[in-house]
Every structure is written in structure tokens, then in C-alpha cells.
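>>> Show me the folded form of this:
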Amino acid sequence: MEIIIKIITALGGIVGIAIAFNTLFLNKLNKNIKTYELYKSLKTLSSVNHPNNNLAEINVILSCLTSKKLTLKEVKWFVNTPNAYKYIEQFGRLNRYIEISETEDSFKGRYKLKINRFVEFGAFFLLYLIFGGVSIWLLLESFVKTNDSTFPLLLMFSIGSFLLALMFLIASSAFSECKKIIRNFRLID
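Take a look at the predicted model:
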């Protein structure tokens, strides 16, 4: 009887994992289909004789893909440049660090000097290390000092420092993501 229960449990776990992967695959497929439909409608709206008349509808379509308000020139670039449309979401998130290079039909970094980019990356990474270290120190301190009145306070500050450390880690990872987008877009051409 025990073996049957274990077999049923194992089969239930396998079926659950299969259903989860199937759901993830279908969601990704539906997102790709929806993005393609948005691209088709965006292409037709921006290719008419006077696309300025359709700017409101173009902005509504783009709001489904990116948070950045693109100019009509940028919309046309994304529609007419091969494979650029794949990167429109990342461009919206990382527009502080990358811009469109219309002469080469590619992306380029906004920083003119590498030292400026390195200083900003260094600042974010240093803040990540500081808040991560403070978080670990406060967490250890809260467990070592078992005073009931200070434990919740130290634990709360530890969690807050940890969240700040994660925020700065994500901000510092934007630089490597921009580099990857610039490099990958050039490789596709």
C-alpha cells in the first residue's frame, strides 16, 4: 500500500511539473503572437503618408511594449530596421544608457567617455556591497544578541538593507545588459 501511495505521489509531481512547463510555454507563445500582431499594426500605422495623424494610436500600441514614449522617428527606426523590434522593450528600460545610432542602424552607448560609465557602474556596485554587508552584519547581530526588544528592529533594518542591496545590484547589471544588447544587435546584422 505504501508503494502505491509513493507511486501516485511521484506521478502527481511529474504531472504537476509537466502542466507548469506547458503553461509557461503557452504563455510565451501567446506573448510572441501578441507582439507580432502589435508589430503588424504598428508597421501599417507608421507606413502611411501622414503617420503624425496616427501618433495617438501608435503611442497606445507602444505602451503595451515599452514604458518610454518614443518619437515618430524612433518608431520608424524600430519598424524599418531588421531585428530592432525585438529590442524595443529593453530599449525602453535602458534608454538612459543606450540610444539609436541612425547612421549605422544599430544601438550605441550614451556615454561618450568610458570613465563616466565606469564611475556610475562603480558607484552602484559599491552601494550594493555596502548595503549587502550591512544587511549581513545586522542579520548576524540580531541573532547573536538575543535581546527580545532589539531583535525585530535589527531584523527589519537587515531586510531593508538587503532590499536596497538588491536594488543597487539590479541597477549595476543594467550596464552589462546594455553592452550585451549593443553587441548582439551588431551580430544579427
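
>>> CA atoms for contacts and neighbours, from now on please.
Noted.

>>> the strands in this protein, which residues?
Secondary structure of the chain (DSSP state E): strands located at 98-101, 106-109.

>>> a markdown table please, covering the ones you listed and showing mean pLDDT, distance to G132 and mean neighbour count.
Formatted as a markdown table, those follow (pLDDT from 0 to 100; distance: least, CA to CA, whole Å; neighbours: other CA atoms under 10 Å):
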| stretch | mean pLDDT | distance to G132 | mean neighbour count |
| --- | --- | --- | --- |
| strand 98-101 | 80 | 28 | 17 |
| strand 106-109 | 78 | 29 | 20 |
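
>>> Ok, which of the ones you listed comes nearest L155?
For the strands of the chain, proximity to L155 was assessed by CA to CA; strand 98-101 is nearest, at 38.6 Å.

>>> Can you list the strands that that closest one pairs with?
Strand 98-101 has the following sheet partners, assigned by DSSP bridges: strand 106-109 (antiparallel).

>>> Give me the residues contacting the strand it pairs with.
Strand 106-109 has contacts (CA atoms under 8 Å, 6 or more residues apart in numbering) with Y97, I98, E99, I100, S101, C178, K179, I181, I182, F185, R186.

>>> among the strands of the chain, which is nearest E57?
Of all these, strand 98-101 comes closest under CA to CA, at 22.5 Å.

>>> hmm, back to that, pipe the strands of the chain into a markdown table and attach distance to T150 per row.
Below are those laid out as a markdown table (distance: least, CA to CA, whole Å):
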| stretch | distance to T150 |
| --- | --- |
| strand 98-101 | 46 |
| strand 106-109 | 47 |
